[in-house]
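**Q** mind folding the following:
(one chain, ligands or ions: 1)
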Amino acid sequence: MSTESVDFGIVGMGVMGKNLLLNIADNGFSVIGLDKDPEKIAPLVETGQSSVQATTSANEFLSSLESPRKIMMLVPAGAAVDAVIEELLPHLDEGDLLMDGGNSYFPDTDRRYQMLTEKGIQYMGVGISGGEEGARHGPSMMPGGSAKAYDMVGPILEAAAAKVDSEPCVTFIGKKSAGNYVKMVHNGIEYALMQLISESYHLMKSGFGLTDTDLKAVYDSWETGELSSFLMEITADIFGKKEEDGSDLILNRILDSARQKGTGKWTSQNAMDLQVPAPTIDMAVMVRDMSAHKKERIAADAVFKNETEPVQVDEELIKKVEHALHFSFITAFAQGFSMIKAASEAYNYGVNLADVAKIWRGGCIIRADMLEEFRRIFAEDPSINNIMVDDRLAGKLVEYQKDARYCIKIGLDAQIPLPAMMASVSYFDLYKSGWLPVNLIQAQRDYFGAHTYERTDKEGTFHTNWK
Ligand code: 6PG
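**A** Okay, the predicted model is just below:
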């Protein structure tokens, strides 16, 4: 083992930890990995690269690192993070920097941040997106905590991050748990986009009768069009991947019951806490929940058998679906950005939304060409309440909403559920309703519970004896 002090340490040599370690080493920094499992460190020891070290000994790991130490944990969110902190803490020195690179629940990060800051240890929650490939060749990273702590590792993270137009997809996101919060919302948007794409698949497969080959051609064309994004790219690939014997698409053999690790649910829960509507994300979480009830769905399918004829399809109709998806993608991003804006105010994060759009353009799962437009919007008007009211984007929404409504009508007639697309249109309709009929709700609340109401013609709160 080298006696030179090492620039950066990572705890947890699972898929993400190992790949990020190698990525940082490729960028000219010396690194050391720590894992209790000798099998996990073996491949790293075997690289023979002098800048890459790995050990099962926490003592060796800590004594190898240059002071102040820069350590990132890449262990499963939850108890494992607390366990690593507990183990390392007695051996850390004032000024050392500990980072959590997992999908931690942001209130956990706040708790850890406070506890460690009081002990003189710098702490950052770093949202990391891009999976295995991203970790190895350039993820998008969302570090939150203190700007001072970011300065200690900024050059290392910037070197390892994905680049778009030579700009790294990482920047200081904001105070305390801002990094984990923004990553949580990233995942909420990820759920929404994936759900919307799967609804387009359902509509075109069951509603239009498109074959797998047709669907492959559609997603191939969308991948390079206005919807160009990582998720569209992998969707096109999935429609091209057959079983080894060539008999069928692997997709057709995959159980229709989607799992989840919780980040989408946290996004919806927090949206409700903040009273920021995020219905497209809510619907995406709801569909994953519904999908888990496979047996009940099959039984109900037999009761309510639906037999509708596929509608006639032509290029114009496919274009309408593309526009409907584009419209819905924009509303999903609008909901996510609105949440971050509200959270930044409520939790005093100090997030710059143009920066968020900038670092989501590459490396992460929701990277998409349209983020360039969102970045422009926030750069031009950092205080904009909702991207949907930007002049140029509003023009697109007005144009594409017609196609979203058209597709939804087909879905309704054919009994094909399109909840996320419908939620997107409802979100748009609600947001642009200068008047909503909730005066009636106020009156009803006052009627049965004397909850009082406000009036449009005079100040104050009022109660009526309604009987
Ligand atoms: C990413 C992903 C990553 C993970 C998801 C999966 O940005 O790289 O979001 O964090 O793949 O958390 O989440 P579910 O298991 O909840 O779908």
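**Q** and the one residue in the stretch 1-150 of the chain that gets nearest to the ligand, what pLDDT?
**A** Relative to the ligand, the nearest point of the stretch 1-150 of the chain is Ser129 (3.0 Å; Cβ to the nearest ligand atom). From N, CA and C alone the C-beta is placed, and that goes for glycine too. Ser129 is assigned 98 on the pLDDT scale.
**Q** ok, it - contacts?
**A** Ser129 sits next to 139-142, 183, 186, 363-366 when contact means Cβ atoms under 8 Å, 6 or more residues apart in numbering.
**Q** next SSE downstream of whichever strand or helix holds Lys320?
**A** Assessed by DSSP states H and E, Lys320 sits inside helix 315-346. Remark: after helix 315-346, the chain's next helix or strand is helix 353-359, criterion DSSP H and E.
**Q** can that next one be said to contact the ligand?
**A** No. Helix 353-359 does not reach the ligand (Cβ under 6 Å from any ligand atom); its nearest approach is 12.2 Å.
**Q** got the contact list for that helix?
**A** Where contact means Cβ under 8 Å, 6+ apart, the residues beyond helix 353-359 that reach it are 140-142, 161, 164, 167-171, 173, 182, 337, 340-341, 371-372, 374-375, 377-379, 382.
**Q** which non-adjacent residue is nearest Ala443?
**A** Tyr453 (6.5 Å; Cβ to Cβ, 6 or more residues apart in numbering).
**Q** which residues does the one you found form beta bridges with?
**A** When bridges are called by DSSP bridges, Tyr453 pairs up with Phe462.
**Q** hang on, it packs against Thr461?
**A** Yes. Counting by Cβ atoms under 8 Å, Tyr453 does reach Thr461; the two are 7.0 Å apart.
**Q** of these two, which one has the most company?
**A** Shown here are Tyr453 and Thr461; by other Cβ atoms under 10 Å, Tyr453 has more neighbours (16 against 10).
**Q** report the separation between the more buried one and Glu459.
**A** 13 Å (Cβ to Cβ, to the nearest Å).
**Q** next, give phi and psi for Phe172.
**A** Here is the backbone geometry of Phe172 (degrees, to the nearest 10): phi -70, psi 120.
**Q** excluding covalently adjacent residues, which one is nearest to Ala149?
**A** Closest residue to Ala149 apart from its sequence neighbours, by Cβ to Cβ, 6+ apart: Gln122 at 4.0 Å.
**Q** residue contacts, the closest residue to Leu34 other than its chain neighbours?
**A** Excluding its sequence neighbours, the residue lying closest to Leu34 (Cβ to Cβ, 6+ apart) is Phe61, at 4.1 Å. By Cβ under 8 Å, 6+ apart, the residues touching Phe61 are 9, 11, 32, 34, 55.
**Q** wait, is the third one part of a helix?
**A** Looking back up the chat, that one is Ile32. No. According to DSSP: H, G, I helix; E, B strand; the rest coil, Ile32 belongs to no helix; its state is strand.
**Q** which is the next helix or strand following the helix or strand bottoming out on mean pLDDT in the chain?
**A** Least confident helix or strand of the chain, by mean pLDDT, DSSP states H and E, is helix 38-45 with a mean of 91. Downstream of helix 38-45, the first helix or strand assigned by DSSP H and E is strand 52-55.
**Q** quick check: the residue nearest to Ala149 touching Asp151?
**A** No. Gln122 lies out of contact with Asp151 (Cβ under 8 Å); the separation is 10.1 Å.
**Q** what about these two, which has more around it?
**A** Neighbours were counted for Gln122 and for Asp151 using other Cβ under 10 Å; Gln122 has more, 24 against 11.
**Q** quick one, phi/psi of that one?
**A** Per-residue torsions, Gln122: phi -80, psi 140 (degrees, to the nearest 10).
**Q** bridging residues for it?
**A** According to DSSP bridges, beta-bridge pairing links Gln122 with Leu97.
**Q** and it, what pLDDT?
**A** Per-residue confidence (pLDDT) for Gln122: 98.
**Q** please apply the same query to Asp35.
**A** 97.
**Q** now it: closest residue in space that isn't a chain neighbour?
**A** Met13 (3.8 Å).
**Q** wait, isn't the one you found in contact with Ala54?
**A** Yes. Contact criterion Cβ under 8 Å: Met13 and Ala54 qualify, at 6.5 Å.
**Q** for Ile416, phi and psi?
**A** Reported as degrees, to the nearest 10, the phi and psi values for Ile416 are phi -100, psi 120.
**Q** likewise for Lys265?
**A** Residue torsions, per degrees, to the nearest 10, at Lys265 are phi -60, psi -40.
**Q** show the pLDDT at the closest residue to it other than its chain neighbours.
**A** The shortest distance from Lys265 to any non-neighbouring residue, by Cβ to Cβ, 6+ apart, is to Val285 (5.3 Å). pLDDT recorded at Val285 is 98.
**Q** returning to that earlier point: mind picking the two most distant members of the contacts of Phe61?
**A** The largest distance within the contacts of Phe61, taken as Cβ to Cβ, falls between Val11 and Thr55 and amounts to 10.7 Å.
**Q** still on that earlier bit, so what secondary structure elements neighbour the least confident helix or strand of the chain?
**A** In terms of contacts (3 or more Cβ pairs under 8 Å, 6 or more residues apart in numbering; DSSP states H and E), helix 38-45 is packed against helix 15-26, strand 31-34, strand 52-55.
**Q** tell me which strands the second one pairs with, and in which orientation.
**A** Taking DSSP bridges as the criterion, strand 31-34 pairs within the sheet with strand 8-11 (parallel), strand 52-55 (parallel).
**Q** pLDDT of the last one, averaged?
**A** The pLDDT scores in strand 52-55 average 96.
**Q** what's the answer for stretch 73-86, then?
**A** The average pLDDT within stretch 73-86 is 97.
**Q** touching the ligand at all, that stretch?
**A** No. For stretch 73-86, no contact with the ligand is found by Cβ under 6 Å from any ligand atom; the gap never falls below 9.4 Å.
**Q** how far does that stretch stretch from one end to the other?
**A** 12 Å (Cα to Cα, to the nearest Å).
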